[in-house]
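Undergrad: Predicted model and sequence follow; I will ask about them next.
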Amino acid sequence: MIEKLIKEIEDRYEELNRELSDPAVVEDRQRYAELARAHSHLQPAYKLAAEYREAEASLAEAEEMLSGDGEVEPEMRQFLQEEIAGAREVMERLTEEIRSAMLEPDPNDEKDVIIEIRAGAGGDEASLFAADLLRMYTRHAERKKLKSEILSSSPTERGGFKEVIMEVSGRGAYSVFKYESGVHRVQRIPVTESGGRIHTSTATVAVLPAVEEVEIEIDPADVRVDIYRSSGPGGQSVNTTDSAVRLTHEPTGLVVQCQDEKSQLQNKEQAMKILRARLYEKMLQEQQQELADQRRSQVGTGDRSQKVRTYNFPQGRVTDHRVNLTLHKMDAILQGEIDEFTEALAAQDRAEQLKAAQV
């Protein structure tokens with residue numbers, strides 16, 4: 001199996017080199033750019049394949065010397081046996097690395113991302129937890145040198161959020177946050193609890209790739225625009241002008257509201273950005289449903305009812321249920337240090353993709 005894959009990599013790499021040196025291709029900028037991207041994507045796998053060939057040659061040479069007609073000295077025999085064992089170990093490692101390198105990258109990985117956080121069960125405590133998640137993701141974005149911005153929010157009087165939508169922009173933003181989608185559960189003693197009892201509350205997180213207008217075309221005739229007056233926590237009026245915007249995409253029934261910006265135009269632009277992302281996600285989900293038996297496996301995306309992580313404050317631990325990983329560093333995690341979870345989920349994602357693709 002690996003021999004066939006390596007031969008395909010070598011043949012394709014040579015073919016790309018030939019095409020990229022063809023004067024006719026060089027003159028066709030679009031074609032040249034496509035081939036250059038394919039060449040760049042294939043290069044890591046080609047380098048690994050070359051390493052595999054070297055280890056394969058070393059193995060064959062050592063086995064030939066060991067099985068030769070002449071007498072082999074004991075020291076040389078031990079040396080050759082160690083060479084054989086080492087070459088086989090290297091080839092086994094490279095086999096997995098080559099298979100991983102040949103997986104198709106997620107086309108959304110390099111995009112900006114829209115993160116929607118909503119308070120779930122638990123009343124005020126759930127809205128406060130939603131605010132905790134917002135801070136966690138904001139800090140994580142800062143650590144990754146990404147820019148974050150709140151697009152829309154529904155704050156509560158106690159400093160929490162019924163709903164808050166943020167955009168994180170920068171190279172690879174979606175790949176950084178894509179495994180956060182799902183139900184997050186918190187277990188702690190609320191500040192309003194006089195009896196010291198531990199309560200369980202939830203917040204849902206939806207992670208959507210931000211999309212450009214060219215990727216999702218929205219017919220203006222399909223969108224009903226309602227203008228109303230912005231309001232603050234508890235219904236308090238914060239704006240004397242009708243600047244808040246509600247968009248209803250009538251073919252799908254999707255509704256988006258924005259009131260955080262001061263101008264009606266800005267709110268409409270933000271709402272359209274969110275609507276475009278939701279329509280794109282809906283389109284992807286429909287495609288994935290149709291190709292359910294063929295599509296590669298994804299970790300923690302799509303199923304909003306899935307309990308993905310529990311934050312237990314009394315014990316200072318956070319558990320990600322998808323990879324059964326528990327970390328005892330609550331404060332650091334809430335300050336945005338979630339890389340260990342992301343790396344474990346990405347590793348599981350790759351393993352399931354390899355199994356599904358049978359590369």
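TA: Cool, the structure landed.

Undergrad: Kindly export the longest strand out of those in the chain (C-alpha atoms) in CSV.
TA: Longest strand of the chain, by residue count under DSSP state E: strand 199-209. Output of strand 199-209 as CSV, limited to C-alpha atoms (Å, rounded to 0.1, in the frame of the first residue of the first chain):
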residue,chain,number,x,y,z
HIS,A,199,-24.7,24.4,40.0
THR,A,200,-24.3,23.1,36.5
SER,A,201,-24.8,25.5,33.6
THR,A,202,-24.1,25.4,29.9
ALA,A,203,-23.3,27.6,26.9
THR,A,204,-23.3,26.6,23.3
VAL,A,205,-20.5,27.6,20.9
ALA,A,206,-20.9,27.6,17.1
VAL,A,207,-17.8,28.1,15.0
LEU,A,208,-18.4,29.3,11.4
PRO,A,209,-15.8,30.0,8.6
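
Undergrad: Tell me the helices and strands packed up against that strand.
TA: Of the remaining helices and strands, those touching strand 199-209 by 3 or more C-beta pairs under 8 Å, 6 or more residues apart in numbering; DSSP states H and E are strand 113-119, helix 123-143, helix 173-177, strand 182-188, helix 264-290. For the C-beta atoms, the positions are set from N, CA and C on the backbone; glycine is no exception.

Undergrad: mind running it again at 7 Å?
TA: Applying 3 or more C-beta pairs under 7 Å, 6 or more residues apart in numbering; DSSP states H and E, we find strand 199-209 packed against strand 113-119, helix 123-143, strand 182-188, helix 264-290.

Undergrad: What is the neighbour count of D242?
TA: Counted with other C-beta atoms under 10 Å, residues neighbouring D242 total 12.

Undergrad: again but with R276, I slipped
TA: Other residues lying near R276 total 22 when counted by other C-beta under 10 Å.

Undergrad: Output the helices and strands packed on strand 199-209 in CSV; the columns should cover distance to M330 and mean pLDDT.
TA: Shown next, in CSV, are these (distance: least, C-beta to C-beta, whole Å; pLDDT from 0 to 100):
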stretch, distance to M330, mean pLDDT
strand 113-119, 18, 92
helix 123-143, 10, 95
strand 182-188, 10, 93
helix 264-290, 31, 81
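
Undergrad: how distant is the longest strand of the chain from the center of its chain?
TA: 16 Å (C-alpha atoms, centre = their mean, to the nearest Å).

Undergrad: ok, back up a step: turn the helices and strands packed on strand 199-209 into a markdown table, columns for distance to E3.
TA: Below are these laid out as a markdown table (distance: least, C-beta to C-beta, whole Å):
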| stretch | distance to E3 |
| --- | --- |
| strand 113-119 | 40 |
| helix 123-143 | 42 |
| strand 182-188 | 40 |
| helix 264-290 | 33 |
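
Undergrad: Looking at those, spot the one closest to G172.
TA: strand 113-119 (9.5 Å; C-beta to C-beta).

Undergrad: related to what we said a few turns ago, from the helices and strands packed on strand 199-209, which stretch is densest packed?
TA: Mean neighbour count (mean count of other C-beta atoms under 10 Å) peaks for strand 113-119 among these, with a mean of 24.

Undergrad: what does that strand contact?
TA: Applying C-beta atoms under 7 Å, 6 or more residues apart in numbering, the contact partners of strand 113-119 are 126-127, 130, 133-134, 137, 160-168, 173-174, 177, 203-210, 274, 277.

Undergrad: Having no further points to raise, I will conclude here.
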